[in-house]
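Enquirer: after the sequence you'll find the predicted model.
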Amino acid sequence: MAAVTASISASALISSATARADSLSSARAEAAQITAQLSQLNQAEAAADERYNQAQIALSADQSRQTAAREAERAAASAVAAKRSILQQAAVNAYVDGGQGNSISELIQSNAADVGAAESYLNSMVDTQQSAVDGFRAAEATLAQQESVLAKATKAAAAQVGQIAAIRQNLNATATQESTTLNQVKGKIAQIVAADEAAAAAAAAARAKAAYEAQQAALAAQAQAQAQAQANQGDSGGLGNYNSNLGNGLPPALNGNAQAAVNYALAQLGKPYQYGASGPDSFDCSGLTMEAWAAAGVGLPHSAAGQWDDTVRVSYAQLQPGDLVFFYQPVDHVGIYVGNGTMIDAPHTGANVEYDSIWWSGLDGFGRVT
């Protein structure tokens, strides 16, 4: 009897363990799927956020052109009114002068000298009228041209407004989907998702770092070969020496502006991500780096791609606190480097301004603000 009871108990334990294993396997599969979805949504949101910021910049430019075109149209309309007044006065003068036909006829019928004076008078009157007509027509043509320019500028601005609205709608949908997906990780699979995300991030960071270091090693070897060739030719130039020992804490920046930018970023840690935001209570990626460098007195556009264009490329060996770190092609994300392979960035919906490794799979390069 005892043997039978033990056998039944063992079978129950095995069945329970099997059920738990199946449940864990199912939860892990679900967690892996959610982790992949979050990664895709994060990158999609970064791309949409960048398009939104670029559209805002384009709208500002279109609105400036629209304002300039409106002022030019008003000036052209004033010119038309002035030319119309001149033309009307010329018509009145012609009418008045035309009423003096008898006097003119008498001049024409007099001696030759008087006839010459009459012809000169008539020619002058005709020239004045023609000049008034030509001036009015030219002013009308200018007005029509300026009205066309204004219409195009207004249409372009309206199109940008529509584009921004569409992008914002897509961003809202992506953020909502991302929030919904984030809610799914609550409960029994939260720890699994967190562990899988950490493992995936570590593996991706390792791959990205290895690939980037291999690229940098190749570039360094090329530079060393060039330096050696120059040395062989009597040139004393060579590779620069860079301090790679950053210490246990965050290293100081090389200059006051860069340190001011880093200090600003440090002060924003913990504030929430919000697309299109540039503080003071929330940020998107380029909004954070823009405001960080604004604190140092340097203007940057509210666009990751725009900041890529406005910075000077540096290598990983040259990377210093305050430099910007860019991701994806085309550039959709940016963070500010603070040392030790670490940056501060505003990652995505549901996250806060935080420390992140620079070794993302989408690492594109580094830029120095000058």
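Expert: Sure thing, it's come through.
Enquirer: tell me the SS of Gly270?
Expert: Secondary structure, DSSP: H, G, I helix; E, B strand; the rest coil: Gly270 is coil.
Enquirer: for it, give me the pLDDT.
Expert: According to the prediction, Gly270 has pLDDT 94.
Enquirer: need the strands for the chain, in chain order.
Expert: 312-314, 324-327, 333-339, 342-345, 354-357, 363-368 (DSSP state E).
Enquirer: among those, which comes closest to Asp49?
Expert: Nearest to Asp49 among the strands of the chain is strand 333-339; the distance by Cβ to Cβ comes to 8.5 Å. All C-beta atoms are positioned from the backbone trio N, CA, C, and that covers glycine.
Enquirer: so what strands line up beside that closest one?
Expert: Strand 333-339 sits in its sheet next to strand 324-327 (antiparallel), strand 342-345 (antiparallel), going by DSSP bridges.
Enquirer: what's the angle between it and strand 363-368?
Expert: Interaxial angle of strand 333-339 relative to strand 363-368 (axes from the mean of the first three to the mean of the last three Cα atoms, to 10 degrees): 60 degrees.
Enquirer: could you dump the strands of the chain into a markdown table and include mean pLDDT and distance to Ala47?
Expert: Output for those, formatted as a markdown table (pLDDT from 0 to 100; distance: least, Cβ to Cβ, whole Å):
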| stretch | mean pLDDT | distance to Ala47 |
| --- | --- | --- |
| strand 312-314 | 96 | 22 |
| strand 324-327 | 97 | 11 |
| strand 333-339 | 95 | 9 |
| strand 342-345 | 94 | 15 |
| strand 354-357 | 91 | 18 |
| strand 363-368 | 95 | 13 |
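Enquirer: please name whichever of these is nearest to Glu30.
Expert: Between Glu30 and the strands of the chain, the tightest spacing by Cβ to Cβ is seen for strand 354-357, at 25.8 Å.
Enquirer: with adjacent residues omitted, what lies nearest to Gly276?
Expert: The spatially closest residue to Gly276, leaving aside those adjacent along the chain, is Tyr52, at 5.5 Å (Cβ to Cβ, 6 or more residues apart in numbering).
Enquirer: so what's Pro321 up against?
Expert: By Cβ atoms under 8 Å, 6 or more residues apart in numbering, the contact set of Pro321 is 250-254, 258-259, 262, 337-339.
Enquirer: show me which of these are buried.
Expert: Neighbour-count burial (16 or more other Cβ atoms under 10 Å) applied to the contacts of Pro321 gives 251, 253, 258, 262, 337-339.
Enquirer: of all those residues, which comes closest to Gln160?
Expert: When these are ranked by distance to Gln160 (Cβ to Cβ), Tyr337 comes first, at 32.9 Å.
Enquirer: how close does the closest one sit to Ala204?
Expert: For Tyr337, the distance to Ala204 (Cβ to Cβ, to the nearest Å) stands at 19 Å.
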